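take this sequence and fold it.
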Amino acid sequence: MKALAWMSEKRKENKVLCKACNQRCVLGVGEYGKCGIRKNENGDLYLTAYGLAAAFNTDPIEKKPLFHFFPGTEILSVGTVGCNFSCKFCQNFEISQYPQEHNYEVFGTTLMPETIVNIAKTRKIPSIAFTYNEPVVVFEYAYDTFKLAKQNGIKTVFVSSGYETKEAIDTIKPYLDAANIDLKAFTDRFYREICGARLKPVLDAIEYTYKQGIWIEITTLIIPGENDSKEELRDIARFIASIDKNIPWHVSRFYPMYKMLDRPPTPIEKLKEAYEIGKEEGLNYVYVGNVLDEDRESTYCPSCGFKVIDRTGYVGQYVSNHLVDGKCPKCNTPIAGVWK
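Take a look at the predicted model:
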């Protein structure tokens with residue numbers, strides 16, 4: 001359905017500025033934003049995919065991936081069509097790029113905020129995520145859902161590419177508990193040529209989101225020949241450490257997808273190398289993803305090395321949690337995260 005996209009600002013000659021993401025599209029009447037689902041109609045901005053879930057599932061929270069936010073719990077995951085990025089490797093391109101590739105058509109099952117929250121309450125699912133595509137392109141839908149969720153004691157999560165404007169972060173801040181943010185690379189070339197975006201707004205959004213007290217974890221999908229040099233991986237690790245060495249960094253294995261079918265999967269050794277680089281740069285919590293590696297999917301106390309959370313499987317499936325009041329049971333060191 002269609003709803004007013006109020007995260008916007010009217011301009012002269014019936015133009016409108018979208019203030020949700022850092023594409024900051026200025027649209028004339030009849031024009032769509034880069035996301036394909038925000039449209040100027042007679043000088044007002046509308047969201048054409050409000051309340052239309054193209055994907056809706058109950059997931060383990062580790063799949064987001066969030067390893068330090070209520071581990072071992074379920075999360076209700078919602079996604080729509082549309083995205084403000086055009087990543088050539090997108091694993092969800094069937095929905096993220098659907099409007100752009102189908103004359104701005106949208107599809108999905110009607111799922112209003114009240115329904116989403118009621119499902120979470122009925123099933124006793126403690127958190128809701130907007131995920132699969134970029135949450136900020138359906139900002140008003142997510143905002144309405146999260147505001148209602150918070151009124152019902154339900155936690156909220158964004159799984160994002162990190163292109164939110166400061167205005168959007170400030171507006172959603174009272175209702176957003178956690179975010180996994182992609183830091184896809186550390187070169188502007190990668191973002192421009194492969195994602196249709198820029199690097200600096202992502203770096204700014206990561207730092208700003210952290211400063212607002214929202215729990216964040218970072219994910220980097222390592223693509224052979226594109227963002228996998230030791231230097232670039234070290235730059236990413238250093239950037240994260242410069243904000244807080246307790247921010248978890250997930251380094252994930254790439255598999256050929258969408259417009260990058262000619263690339264091989266990430267070598268396992270490259271993931272291990274990235275893991276070690278993260279540790280060398282002082283990050284306390286580094287994880288590998290999309291591959292079986294129990295040792296590098298589990299959480300260890302940064303002080304004594306005791307395994308405080310056991311995980312296994314391709315998405316770090318939760319096995320057991322040995323924390324006591326958020327602390328290592330061996331040495332009493334607090335482990336960064338949101339545990340209860």
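
low pLDDT regions in the stretch 201-340 of the chain?
By pLDDT under 70, the stretch 201-340 of the chain contains no weakly predicted segment.

and the spatially most central residue of the chain, which of the three is it?
Nearest to the mean C-alpha position of the chain, by Cα atoms, centre = their mean, lies Val159 at 2.2 Å. When classified by DSSP: H, G, I helix; E, B strand; the rest coil, Val159 comes out as strand.

now it, nearest residue through space, not along the chain?
Nearest-residue entry for Val159: Thr131, 3.8 Å, with adjacent residues in sequence omitted and distances by Cβ to Cβ, 6 or more residues apart in numbering. The C-beta positions use only the backbone N, C-alpha and C, and glycine is treated the same way.

contacts only, for that neighbour.
64, 77-79, 157-159 (Cβ atoms under 8 Å, 6 or more residues apart in numbering).

now do stretch 122-131: distance from first to last residue.
One end of stretch 122-131 sits 21 Å from the other (Cα to Cα, to the nearest Å).

buried ones in that stretch, by neighbour count?
125, 127-131 (16 or more other Cβ atoms under 10 Å).

do stretch 96-108 as well
For stretch 96-108, by 16+ other Cβ under 10 Å, it's 96-100, 106, 108.

now do that stretch, average pLDDT.
For stretch 96-108, mean pLDDT is 98.

can you list contacts of it?
32, 35-37, 39, 48-49, 52-54, 80-83, 85-87, 90, 132-134.

and that stretch, end to end?
Termini of stretch 96-108 sit 12 Å apart (Cα to Cα).

on that earlier part again, any chance of CSV for the buried residues of stretch 96-108, columns distance to Pro265 and secondary structure?
Formatted as CSV, the buried residues of stretch 96-108 follow (distance: Cβ to Cβ, whole Å; DSSP: H, G, I helix; E, B strand; the rest coil):
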residue, distance to Pro265, secondary structure
Ser96, 21, helix
Gln97, 22, coil
Tyr98, 26, helix
Pro99, 29, helix
Gln100, 27, helix
Val106, 32, coil
Gly108, 31, coil
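
among those residues, which pair sits farthest apart?
Comparing all pairs in these by Cβ to Cβ, the longest separation belongs to Gln100 and Gly108, at 15.8 Å.

return the list of helices and strands in contact with the longest strand along the chain.
Identified as the longest strand of the chain according to DSSP state E is strand 215-222. Secondary-structure packing of strand 215-222 (3 or more Cβ pairs under 8 Å, 6 or more residues apart in numbering; DSSP states H and E): strand 178-182, helix 200-211, helix 230-243, strand 249-253, helix 268-280.

so of the buried residues of stretch 122-131, which ones are in strands?
Among these, the ones falling in strands (DSSP E) are 127-130.

of those, closest to Met7?
Using Cβ to Cβ, those come closest to Met7 at Phe130, 14.2 Å.

show me what contacts the closest one?
Contacts of Phe130 by Cβ under 8 Å, 6+ apart are 78-79, 138, 141-142, 145, 157-159.

check the gap between it and Gly108 for me.
Phe130 sits 13 Å away from Gly108, going by Cβ to Cβ, to the nearest Å.

hmm, Arg38 and Tyr32 touching each other?
Yes: under the criterion of Cβ atoms under 8 Å, Tyr32 makes contact with Arg38 at 6.7 Å.

if anything else comes up later, I'll come back, but that's it for now.
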